[in-house]
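> sequence and computational prediction follow.
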Amino acid sequence: MNPTLSEHQSLIERTLSSSFLAETPPDLRDHLLDTAELILLEARTVAYRPYEPGSGVLILSGLLRAFLIAPDGRQLTIKYGVPGDLFGIPSLVGGPLPVSVEALQETRALRLRAEDLEELAIQDGATGWRLATKSVEISATS
């Protein structure tokens, strides 16, 4: 595990056990964590702006909200994210999207590199399938 993540190891392990990574082979999961970046978002911080390049964000604690902004400025929430959820799958697969993401409360998360998630999906078909399923679930609820 990335040394900067070691002080949060128990939180990370608890979250992983309830996330899409729970059934991923340990060596592949460890490789993903080796390059992960711990991020802390204060409440009301915008973490992703429309059309930015995507990365995977695995929520460890807190609450995120993904939303669209209408031309008249109204906001349409399309998904809430809680610990164990992975945000960013649709933009990783389909390219940048017109979506914003903000922290509704202080949030700790792991930013997972897009290249590493893609490599993981290719190396482990079962994890790739879980990512595809999550992407469809997100699209169906949006």
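It's in.

> roughly how far is the longest helix seen in the chain from the heart of the chain?
Counting residues, the longest helix in the chain under DSSP state H turns out to be helix 125-141. Its chain's C-alpha centre and that of helix 125-141 lie 13 Å apart, by CA atoms, centre = their mean, to the nearest Å.

> helices or strands up against that helix?
strand 75-81, helix 89-94, helix 114-123 (3 or more CB pairs under 8 Å, 6 or more residues apart in numbering; DSSP states H and E). Heads up, the C-betas are built off the backbone N, CA and C, glycines and all.

> the same query, at a cut-off of 10 Å, please.
Where contact means 3 or more CB pairs under 10 Å, 6 or more residues apart in numbering; DSSP states H and E, helix 125-141 is packed against helix 26-34, strand 75-81, strand 86-87, helix 89-94, helix 114-123.

> and the residue nearest to the spatial centre of the chain, how far from I89?
What sits nearest the mean C-alpha location of the chain, by CA atoms, centre = their mean, is V57, with 2.5 Å. From V57 across to I89, the span is 10 Å (CB to CB, to the nearest Å).

> equivalent analysis for L64, please.
Computed with CB to CB, the distance linking L64 and I89 is 13 Å.

> need the residues touching each of these two.
V57 (CB atoms under 10 Å, 6 or more residues apart in numbering).

> pull the one helix or strand in the chain whose mean pLDDT sits lowest out as PDB, backbone CA atoms only.
Least confident element among the helices and strands of the chain, by mean pLDDT, DSSP states H and E: helix 125-141 (a mean of 75). What follows is helix 125-141, C-alpha atoms only, in PDB (Å, rounded to 0.1, in the frame of the first residue of the first chain):
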ATOM      1  CA  GLY A 125     -12.500  -9.900 -16.300                       C
ATOM      2  CA  ALA A 126     -14.700 -10.200 -13.200                       C
ATOM      3  CA  THR A 127     -13.700  -6.800 -11.900                       C
ATOM      4  CA  GLY A 128     -14.100  -5.400 -15.400                       C
ATOM      5  CA  TRP A 129     -17.600  -6.800 -15.500                       C
ATOM      6  CA  ARG A 130     -18.400  -5.200 -12.100                       C
ATOM      7  CA  LEU A 131     -17.200  -1.900 -13.400                       C
ATOM      8  CA  ALA A 132     -19.400  -2.300 -16.500                       C
ATOM      9  CA  THR A 133     -22.400  -3.200 -14.300                       C
ATOM     10  CA  LYS A 134     -21.800  -0.100 -12.100                       C
ATOM     11  CA  SER A 135     -21.700   2.100 -15.200                       C
ATOM     12  CA  VAL A 136     -25.000   0.800 -16.400                       C
ATOM     13  CA  GLU A 137     -26.600   1.200 -13.000                       C
ATOM     14  CA  ILE A 138     -25.400   4.800 -12.900                       C
ATOM     15  CA  SER A 139     -26.800   5.500 -16.400                       C
ATOM     16  CA  ALA A 140     -30.100   3.800 -15.600                       C
ATOM     17  CA  THR A 141     -30.600   6.000 -12.500                       C
END
